[in-house]
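Undergrad: any chance you could fold what I've pasted below:
(one chain, ligands or ions: 1)
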Amino acid sequence: MNYRSSALTAAVALALGLASSAHAARQMDDEVAADVRVQAVDRAMMNIQQNAKAMHAGMNDQFQASDVILDDNGAEHVRMKRSYRGLPVIGGDFVVHSDNTGKLASVSQTLTHEISIDTHASLSKSEAVLNAGVDFGTAFDGVSDAKLVVYARGKAPQLAYEVVYTGFMPDQTPTEMHYFVDANNGRILDKWDGIHTKGKPGGSGGGTTCNTNTTGSGHTLTLGNVNINTAGCTDGSYQMKDLSRGGGYTTDLNNRTNGSGTIFSDADNTWGNNSTSDRATVGADAHYGVSETWDYYQNIHGRSGIANDGQGALSRVHYGRNYVNAFWSDSCFCMTFGDGSGSYLPLVALDVAGHEMSHGVTSRTANLTYSGESGGLNEATSDIFGTMVEFYSNNSSDSPDYLIGEAIYASNPSDSKALRWMYQPNKDGSSPNCYASNLGSLDVHYSSGVANHFFYLLAEGSGSKTFGPNTVTSPTCNGSSITGIGRSKAEAIWYRALTVYMTSNTNYAGARAATISAANDLYGSSTASSVAAAWSAVSVN
Ligand SMILES: [Zn+2]
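TA: Okay, here's the model as predicted:
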């Protein structure tokens with residue numbers, strides 16, 4: 001078998017982002033941590049060699065570690081990407097679970113058989129580009145070369161071309177469509193967007209350095225006045241850059257739809273005026289929302305930033321003109337917020353920032369594919385953690401609830417409007433409350449509803465509860481009564497399922513299994529039974 005384990009050991013230390021630190025003490029910790037991780041990867045590689053059947057690993061497979069999670073009890077979870085004869089295997093990723101002696105416990109994966117396919121295409125690259133282009137249409141501003149991959153999200157692995165078309169949708173949303181074209185008959189097997197939206201409703205400059213962490217006052221649009229971390233500069237000015245959270249910074253895109261924008265800067269460290277008449281106002285909302293989300297992941301889940309490498313990300317506000325959405329982009333590793341229009345405020349509310357940043361976390365962990373049932377689970381993950389950020393922050397200007405996007409409406413008495421309702425998804429007119437086998441054919445912002453509903457029932461139960469101005473009950477699909485286990489257990493279970501057990505092609509049945517495993521690990525069998533009951537209450541059995 002062709003395992004590239006020696007080169008991989010060096011590569012992994014870098015990929016996990018643990019190599020360098022200016023601080024000597026931290027560097028020593030990092031080196032110890034990196035060493036333990038490298039050993040865990042080595043044990044996972046050994047496991048692949050010794051238990052190849054368990055991973056459906058064949059003679060022509062190669063593996064590369066992408067994440068390592070170590071439990072206090074010594075359990076190790078190493079996430080692996082797979083390639084076949086040098087071609088990436090879409091849906092071939094898996095997680096090796098073992099103890100710290102390397103004894104294999106189990107493997108999380110969706111591939112069911114060893115791959116054995118001919119890697120010679122009968123379709124030409126240009127035919128593949130053409131076929132994808134027929135679907136995309138003429139409004140593209142870029143198209144990639146066709147690249148051969150093994151597409152393993154369907155029943156049997158197939159040789160396919162991946163072609164990426166980029167452009168803009170009529171509503172200004174950028175799009176980065178990944179097409180998978182059968183390399184023998186030209187059929188489009190699958191497609192998904194690398195831009196992950198919120199879902200529709202109905203740098204630094206010059207010779208000055210800015211490296212002093214300071215606290216400024218953000219006069220936000222949605223949350224009143226809040227403290228935000230900013231950077232003090234050698235010329236006495238300030239920049240909207242958070243040195244206490246990995247250097248994440250917020251820029252004004254000046255109504256453009258591309259570029260990094262201009263970092264907000266200010267003379268007196270007071271940002272915005274609680275109104276859109278000052279361009280820095282919504283910058284303060286976004287900057288604060290991202291910092292709250294950072295703290296949520298750090299303090300609740302022990303995760304240091306989106307990629308768990310301590311690095312902050314870029315947030316861009318004032319995108320386009322009258323743009324009523326927000327989105328995460330994997331390729332720029334950035335969040336972008338529109339200004340809204342008419343009855344919609346700028347899309348910078350706390351649950352929106354939490355939602356978008358969580359797309360980044362998903363992309364760096366299970367990497368749930370943004371199509372079919374896995375796409376719905378990706379969206380649900382962002383709604384779940386966006387909501388949990390709202391509860392974590394517990395700001396009196398935005399009382400925490402299970403509505404998504406209720407704060408984007410210019411007028412919303414008693415929070416009667418929202419983009420989505422987690423306790424009863426069908427209130428939006430498009431998301432089902434209960435699972436059905438056609439769920440994966442819906443838009444990912446609707447197929448998310450069943451998992452949102454599950455999460456609500458698991459955390460809060462089916463009985464009457466009051467959040468802000470609303471008292472709600474949650475229907476069950478099987479007539480059962482569900483007793484909630486509380487938010488802190490529920491969020492820990494979803495996070496562990498996402499980071500330890502789900503893979504790119506996980507579907508709803510897989511999510512049920514992943515959350516039951518996570519509940520068993522964290523809290524034991526009685527809580528795992530509660531998880532199973534909550535899934536059954538949304539018809540995922
Ligand atoms: Zn989203």
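Undergrad: which element is Val150 on?
TA: Per DSSP states H and E, Val150 falls inside strand 147-151.
Undergrad: same check, this time on Met80
TA: Secondary structure assignment for Met80, by DSSP H and E: strand 76-84.
Undergrad: against which helices or strands is that strand packed?
TA: With contacts taken as 3 or more Cβ pairs under 8 Å, 6 or more residues apart in numbering; DSSP states H and E, strand 76-84 sits against helix 24-50, strand 61-70, strand 87-90, strand 94-98. C-betas here are computed from N, CA, C, even on glycine.
Undergrad: would you mind listing what in this protein touches the ion?
TA: Within the chain, the residues that sit near the ion (Cβ under 5 Å from the ion) are 196, 382.
Undergrad: hmm, Ser244 is touching Asn213, no?
TA: Yes - when contacts are counted by Cβ atoms under 8 Å, Ser244 is listed as touching Asn213 (5.3 Å).
Undergrad: quick one: which of these two has more around it?
TA: Using other Cβ atoms under 10 Å, the more surrounded residue of Ser244 and Asn213 is Ser244, with 16 against 13.
Undergrad: in contact with the more buried one, which residues?
TA: 213, 229 (Cβ atoms under 8 Å, 6 or more residues apart in numbering).
Undergrad: that one belongs to a helix?
TA: Yes - with DSSP: H, G, I helix; E, B strand; the rest coil as the criterion, Ser244 is located in a helix.
Undergrad: can you tell me how far it sits from Trp271?
TA: Distance, Ser244 to Trp271, using Cβ to Cβ, to the nearest Å: 16 Å.
Undergrad: go on, His196?
TA: Distance, His196 to Trp271, by Cβ to Cβ: 27 Å.
Undergrad: higher neighbour count, the two?
TA: Between His196 and Trp271, Trp271 has the larger neighbour count (other Cβ under 10 Å), namely 28 against 25.
Undergrad: show me the beta-bridge partners of that one.
TA: Gly218 (DSSP bridges).
Undergrad: what about Lys489, which SS state?
TA: Under three-state DSSP, Lys489 comes out as helix.
Undergrad: wait, isn't it in contact with Thr527?
TA: Yes - when contacts are counted by Cβ under 8 Å, Lys489 is listed as touching Thr527 (6.5 Å).
Undergrad: identify the contacts common to the two.
TA: With Cβ under 8 Å, 6+ apart, Lys489 and Thr527 have common neighbours Ala519.
Undergrad: show me what contacts Val538?
TA: 433-435, 450, 453-454, 457, 476-477.
Undergrad: which of those residues lies closest to Ser304?
TA: Among those, Phe454 lies closest to Ser304 (Cβ to Cβ), at 28.2 Å.
Undergrad: if we ignore the residues flanking it in sequence, what's nearest the closest one?
TA: Using Cβ to Cβ, 6 or more residues apart in numbering and skipping the chain neighbours, the partner closest in space to Phe454 is Val538 (4.8 Å).
Undergrad: where does the residue in the stretch 151-300 of the chain that the ion sits nearest to land in three-state SS?
TA: Per Cβ to the ion, His196 is where the stretch 151-300 of the chain lies closest to the ion, at 4.8 Å. Recorded secondary structure, His196: strand (three-state DSSP).
Undergrad: within its sheet, name the partner strands of the strand holding Met80 and how each one runs.
TA: The strands beside strand 76-84 in its sheet (DSSP bridges) come out as strand 61-70 (antiparallel), strand 87-90 (antiparallel), strand 94-98 (antiparallel).
Undergrad: give me the angle between it and strand 147-151.
TA: 120 degrees (axes from the mean of the first three to the mean of the last three Cα atoms, to 10 degrees).
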